[in-house]
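Colleague: heads up, no residue letters with this:
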DNA sequence: CGGATAGGCTTTTTT
DNA sequence: AGCCTATCCG
């Protein structure tokens, strides 16, 4: 049992990371090197050495990751759990503790309302187009108030913050900023050990919070600079370096034994970066990377559906006619994942999967109706508390009367007078939402969390990004969404010019995004591209991404080359349909 | 004031 | 294709 011996089955590098004492610690952990394992083992190690669990704080990137760690600790026999959560959930608790009252947290949608109100009030003359996005980004990057040079933006910044104050609301950044402020003044409930996961995705305001924590605590930072993919929302991978500079002395440990990807995949992944040494694979599986290109995005999608059908042993008509088996290992649907750069690309793929009768699932935030229902629920709760006003509701198509009625129903739920299911039925009827039973079922989660006192913004948000992996289905998601996950078979789709290094994106961040995608695979990778793609309602000419060229030496030869001469390859391609 | 309609733009996403 | 926004007309 881990609790007895957290070091059991760890490799030397991992042991070094887990047992490091007396200084801050930076653990550089590439894909599949046992990052989560080290994190939990280190917590266990600290507890075993007599550290009070309450003095330990583990910060994760998502609440799902926090749950996973809590689960592992419990499984290891830990009775008193340490504090485990995201920066935001911990900050929320600190603020609640310090103020004696929980703040109402608004999401981006509501932030936009307030911003519009600010625009109206401040009578800014220039076109506010894109200003909101700039404010959002600026707020994650600035540690103390406004520090831009745009006069209009400054005015809107002030106006926006006055409105937040007026309605007693906080946005997500406020949680971090305010908690930092409170702790600077009075570092009372500061823990002695802080572990921060996914350090490459830390934003400036979060780094500032880490600074404050470091005044009292030893910090363990775990991250991988090659997997930094959230620069677009303020994260800065240079903090990995800054950490070592500022928090001197820092012990640094690099984990280079990887347990997920086959060597071939790791070699291909490393070839994306100049001078990168590949991780050492401890996985004996051979591994394979296949590349195939198509005329259109629709053909790409159908081909993928056919491949999946073959892999799962074939239930459809086409595969019944197939005599040879053993082209592929038998796979379960849940072993397969399809990745794409933008959600807009999912349409062609899901269409093909439906046509082939292959079950699949996508994250909730890809589904319009449900996202909308969640947002309505959230607003309803805000309305009950008095934070959400009539015009906020109107914007979502909710009449004030409906909201009043529903609020009283929700009250009955809280008192246990009616069930969550009954409430949701009424809710969708009154608001005229066309929700399936399945969708209604999924909405129960956040309402139940609400009953248990989870802050609304967190309760509703959590549901939005959960993908239920117990379902036997192929997983579809964006490259971003795949971070931290692994699948035996991964399809990397649309690896095309202007799509994977996204046109206008940060080229290096796009490269890391492809790296993340590649390294999700525990066995087999399919890389696909097409010449013409239907996107946003019109055709665009694409062609293979430069990344395809980078990994080419590691791609299996038989299908590796994009068709050069039409005849022979066309024939081969046809036989697959 | 509100409904209809034409025009413009479209990443990625956690909390 | 679909959503948000601006504008125009009753």
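Modeller: Right, received. Where do you want to start? Small disclaimer: the values here were computed from a predicted structure and weren't measured.

Colleague: who's in contact with the lengthiest helix in chain A?
Modeller: The single longest helix within chain A, with elements called by DSSP state H, is helix A:368-385. The contact list for helix A:368-385 (CB atoms under 8 Å, 6 or more residues apart in numbering) reads A:104, A:106-107, A:109-110, A:364-365, A:388-389, A:392-393, A:396, A:398, A:403, A:406-407, A:410-411, A:427-428, A:431, A:433-435, A:439, A:442-443, A:446-447, A:450, A:456-457, A:460, A:463-464. From N, CA and C alone the C-beta is placed, and that goes for glycine too.

Colleague: rerun at 6 Å
Modeller: Helix A:368-385 is contacted from outside by A:364-365, A:388, A:393, A:396, A:403, A:406-407, A:433, A:439, A:456, A:460, using CB atoms under 6 Å, 6 or more residues apart in numbering.

Colleague: Kindly report the same for stretch A:402-410.
Modeller: With CB under 6 Å, 6+ apart, stretch A:402-410 has contacts from A:380, A:383-384, A:393, A:423, A:426-427, A:430.

Colleague: what's the closest of those to DNA strand B?
Modeller: DNA strand B lies nearest to residue A:393 out of those, by CB to the nearest atom of the strand, at 14.7 Å.

Colleague: check which helix or strand covers the closest one.
Modeller: Element membership of residue A:393, judged by DSSP states H and E, is helix A:390-395.

Colleague: residue boundaries of the helices in the stretch 201-350 of chain A?
Modeller: A:204-214, A:239-246, A:263-270, A:297-311, A:317-320, A:346-355 (DSSP state H, counting those that start in this stretch).

Colleague: other SSEs contacting the last one?
Modeller: Going back to what we said before, that points to helix A:346-355. helix A:297-311 (3 or more CB pairs under 6 Å, 6 or more residues apart in numbering; DSSP states H and E).

Colleague: and residue A:154, what pLDDT?
Modeller: Residue A:154 is assigned 82 on the pLDDT scale.

Colleague: Oh, that last question was meant for residue A:129, not what I typed.
Modeller: 69.

Colleague: Pick out the most distant pair among the contacts of helix A:368-385.
Modeller: Maximum pairwise distance among these (CB to CB): 25.7 Å, between A:365 and A:407.

Colleague: higher neighbour count, the two?
Modeller: The neighbour comparison of residue A:365 against residue A:407 (other CB atoms under 10 Å) goes to residue A:365, with 17 against 14.

Colleague: just the buried members of the contacts of stretch A:402-410?
Modeller: A:380, A:383-384, A:393, A:423, A:427, A:430 (16 or more other CB atoms under 10 Å).

Colleague: Counting neighbours, what do you get for the closest residue to residue A:414 other than its chain neighbours?
Modeller: Distances taken as CB to CB, 6 or more residues apart in numbering put residue A:451 closest to residue A:414, at 6.3 Å, once the chain neighbours are dropped. Neighbour count for residue A:451, taken as other CB under 10 Å: 15.

Colleague: Residue A:451 and residue A:411, how far apart?
Modeller: Residue A:451 sits 11 Å away from residue A:411, going by CB to CB, to the nearest Å.

Colleague: Could you pull up the contacting residues of residue A:237?
Modeller: A:200, A:225, A:228.

Colleague: Quick check: buried residues in stretch A:545-552?
Modeller: A:545-548, A:550-552.

Colleague: tell me the phi and psi of the residue nearest the centre of chain A?
Modeller: Taking CA atoms, centre = their mean, the centroid of chain A lies closest to residue A:481, which sits 4.6 Å from it. Phi and psi for residue A:481, reported as degrees, to the nearest 10, are phi -70, psi -20.

Colleague: ok, which stretches of the stretch 101-250 of chain A are strands?
Modeller: A:104-106, A:169-171, A:193-196, A:218-223, A:250-255 (DSSP state E, counting those that start in this stretch).

Colleague: Out of those, which gets the lowest mean score?
Modeller: Among those, strand A:104-106 carries the lowest mean pLDDT, a mean of 82.

Colleague: Next, count neighbours for residue A:440.
Modeller: 18.

Colleague: Next, the buried residues of the helix or strand containing it.
Modeller: Element membership for residue A:440 (DSSP H and E) is helix A:437-451. Neighbour counts over helix A:437-451 (16+ other CB under 10 Å) mark A:439-440, A:442-443, A:446-447, A:449-450 as buried.

Colleague: lowest-confidence helix or strand of chain A?
Modeller: Lowest by mean pLDDT, DSSP states H and E among the helices and strands of chain A is helix A:566-574, with a mean of 35.

Colleague: who in the stretch 451-577 of chain A is up against DNA strand C?
Modeller: Within the stretch 451-577 of chain A, the positions adjacent to DNA strand C are A:536-538 by CB under 7 Å from any atom of the strand.

Colleague: Tell me, how many residues neighbour whichever residue of chain A sits closest to DNA strand C?
Modeller: For chain A, the residue closest to DNA strand C is residue A:537, as judged by CB to the nearest atom of the strand, at 2.5 Å. Residue A:537 has 6 neighbours, counted by other CB under 10 Å.

Colleague: I'd like to check which residues are in contact with it.
Modeller: Neighbours of residue A:537 in contact, by CB under 6 Å, 6+ apart: none.

Colleague: Residue A:400 versus that one, what's the distance?
Modeller: Applying CB to CB, the value for residue A:537 to residue A:400 is 36 Å.

Colleague: do residue A:30 as well
Modeller: Distance from residue A:30 to residue A:400, by CB to CB: 54 Å.

Colleague: higher neighbour count, those two?
Modeller: Shown here are residue A:30 and residue A:400; by other CB under 10 Å, residue A:30 has more neighbours (25 against 13).

Colleague: shaky segments in the stretch 401-550 of chain A?
Modeller: Along the stretch 401-550 of chain A, segments meeting pLDDT under 70 span A:453-455, A:457-458, A:461-470.

Colleague: Run through the helices of it in chain order.
Modeller: A:420-430, A:437-451, A:456-464, A:507-518, A:546-551.
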